[in-house]
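Student: Got a sequence here, can you model it:
(one chain, ligands or ions: 1)
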Amino acid sequence: MFKQCIIAAALAATSMAQAANPIVTNIFTADPAALVDNGRVYVYVGKDEAKEDGKDYVMNEWRVYSSCDMQRWTDHGSPLRYSTFKWAGRDAWASDIVKRDGKYYFYSTVDHASIPGKAIGVAVSSSPTGPFVDARGTALVTNDMTKETSILWDDIDPAVFIDDDGQAYLYWGNTVMKYAKLKPNMIELDGPIHTVGLEAFTEAAYLHKHKGTYYLSYSRHFPEETVYMTGPSATGPWSFGGVVMEKNTNVKTIHHAIVDFNGKSYIFYHNGKLPGGGEFRRSLAVEELHYTADGKIPLVRQTDAGPAANPAPGCK
Ligand code: FUB
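Tutor: Below you'll find the model as predicted:
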């Protein structure tokens, strides 16, 4: 029994010793979300399970990896599946994660089993590697709560940002970007849903702050490229900043997350560069991201090498 426990623990956190892009090479992974916690960087992805000739996404679970240096990654397995949400019917699509008051809140896109269309759920855990449980027992956002488009997939790609004053915001959307305040409990909307007109917005909104400036980045056009806006608050007004990353060659999506880790900034994204990869078989990758002295983000080029080693002191 003791031996079985040791083997199970080893399987649950397997060191991958990977030092280049794509970060994960044994499965296809997409839609990164990132979190830095206690000096360690965590990245969450959906697992792409489509066959090589597949014609649509097959995504049933999220997976989590972590690193102390941006080069060697530990595989923590799957902390939750779409079926963690009993009201969901399928599809572990894009997610985001945030920590508040010692708890980890995981916001994720799934297909609702009884309300037609995509929905956003929120799960909670006391650990960044899970396991996560449904925090509400119902969806936080459903397709019938938003009316700007008639498509069934406009309530996808949650991104959560907590401002310095403690106010949390949820951003999401496809075709139209929406945002709403979250209550301090992180599992209820607080007030109305707002829509924001963004040029050629497709999906994958992401909010972060750097040196007092708010950055709203997103995927525009289709095939997608990642662009950013800047503003004086978490709700804008937004001014166009530029292109962060150019579109992929063999996959139309590029979903990203931007995070600071150990004194440097990074952008996680996906491409289709793993052998056998493509539209529904994507691969997690990461690059260092820079800011100019006046706060602009220069274009980030995809590399095979990935970022240089950045060992965080005290991280084990
Ligand atoms: O992975 C499914 C969907 O594709 C995501 O929700 C979008 O961001 C796009 O990457």
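Student: Quick check: the gap between the residue nearest in space to the middle of the chain and the ligand.
Tutor: The residue lying closest to the centre of the chain (Cα atoms, centre = their mean) is A33, at 2.5 Å. Shown here: A33 relative to the ligand, a distance of 11 Å by Cβ to the nearest ligand atom, to the nearest Å. Any C-beta I mention is one placed from the backbone N, CA and C, and that applies to glycine too.
Student: Name all residues that make contact with that residue.
Tutor: Applying Cβ atoms under 8 Å, 6 or more residues apart in numbering, we find A33 in contact with 43-45, 94-97, 257.
Student: And it, its phi and psi?
Tutor: Dihedral pair for A33: phi -120, psi 150, per degrees, to the nearest 10.
Student: and it, what are its bridge partners?
Tutor: The bridge-partner assignment for A33, based on DSSP bridges, gives Y44.
Student: The spatially closest residue to S78 that is not a sequence neighbour: neighbour count?
Tutor: Distances taken as Cβ to Cβ, 6 or more residues apart in numbering place E61 nearest to S78, at 4.4 Å, with adjacent residues excluded. A count of nearby residues for E61, using other Cβ atoms under 10 Å, gives 17.
Student: cool, H221 as well?
Tutor: Here the count is done by other Cβ under 10 Å, and H221 has 13 residues near it.
Student: Equivalent analysis for the one 3 residues further on, please.
Tutor: E224 has 23 neighbours, counted by other Cβ under 10 Å.
Student: what's the answer for the one 10 residues further on, then?
Tutor: The local packing of A234 (other Cβ under 10 Å) involves 20 other residues.
Student: Same question for L207.
Tutor: Using other Cβ under 10 Å, L207 has 23 neighbouring residues.
Student: Repeat that for D96.
Tutor: Neighbour tally, D96, other Cβ under 10 Å: 28.
Student: Need the pLDDT of A257.
Tutor: A257 is assigned 98 on the pLDDT scale.
Student: That one bridge partners, please.
Tutor: With DSSP bridges as the criterion, A257 is bridged to F268.
Student: which bits of the stretch 51-200 of the chain sit near the ligand?
Tutor: Remark: the part of the stretch 51-200 of the chain in contact with the ligand comprises 57, 93-94, 109, 156-157, using Cβ under 6 Å from any ligand atom.
Student: Between which two of those residues is the distance greatest?
Tutor: For these, the maximum inter-member distance is 13.2 Å, found between Y57 and D157 (Cβ to Cβ).
Student: what residues are shared contacts of those two?
Tutor: Shared contacts of Y57 and D157, defined by Cβ under 8 Å, 6+ apart, are found at W93.
Student: Please say which of those two ends up with more neighbours.
Tutor: Ranked by neighbour count (other Cβ under 10 Å), Y57 and D157 place D157 first, with 30 against 20.
Student: Contact partners for the more buried one?
Tutor: 31, 93-94, 109, 172-174, 203-205, 255 are the contacts of D157 under Cβ under 8 Å, 6+ apart.
Student: Apply 6 Å and report the result again.
Tutor: D157 is in contact with 94, 172, 203-204, counting by Cβ atoms under 6 Å, 6 or more residues apart in numbering.
Student: next one: R40
Tutor: For R40, the contact set (Cβ under 6 Å, 6+ apart) comprises 66, 68, 315.
Student: Give me the lowest-pLDDT entry from those.
Tutor: Lowest pLDDT among these: C315, with 95.
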